[in-house]
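Q: sequence first, predicted coordinates after that:
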Amino acid sequence: MATDDRYQRGAAKLAEIHGEHGEAAVRGLEDIAPDLARYILEFAFGEIYSREALGLRERQIATIAALCAQGNAEPQLRAHIRGGLNVGLTRQEIVEIITQMAVYAGFPAAMNGASAARRAFAEAEGGSTEG
């Protein structure tokens, strides 16, 4: 598959999940790490997120769980929580995903995930991100 096709498919998938926030995040990399911005669009969104075996809801569930478990990716976790809301996850489902991580990633990771969710929910409403 041509790189231009993957790039365009990735840009469309990013917009579908994250809207203008995702586009702005990738644009923010272009001045310092343009290759990284391209890899995100071409590979992450143009290849992986575009596969058909899972829907976007399921992909966001997996991504939220993985980022919560990592415990060191709060900006990305908040972005994917907002993306999860955009593709139909409910707040209750997102909190349940994070709660599940207490068993496998530990209570600190789940507590940090809950804090990130609070901020992401406020961001999704256009409100304060404090808390």
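A: Looks like it came in fine.
Q: wait, H18 sits on A79?
A: Yes - in this structure, H18 is within contact of A79 by Cβ atoms under 8 Å, at 6.4 Å. C-beta coordinates here come from the backbone N, C-alpha and C atoms, glycine included.
Q: overlap of the contact sets of the two?
A: Residues touching both H18 and A79 by Cβ atoms under 8 Å, 6 or more residues apart in numbering: A25.
Q: okay, buried residues for the longest helix along the chain please.
A: Of all segments of type helix in the chain, defined using DSSP state H, the longest is helix 3-30. Using 16 or more other Cβ atoms under 10 Å as the test for burial, helix 3-30 gives 6, 9-11, 13-14, 16-18, 21-22, 25-26.
Q: packing partners of that helix?
A: For helix 3-30, the elements it packs on are helix 34-39, helix 56-70, helix 74-86, judged by 3 or more Cβ pairs under 8 Å, 6 or more residues apart in numbering; DSSP states H and E.
Q: what's the pLDDT at the closest residue to L54 other than its chain neighbours?
A: Among residues not flanking L54 along the chain, A62 sits closest, at 7.6 Å (Cβ to Cβ, 6 or more residues apart in numbering). If you check A62, the pLDDT there is 98.
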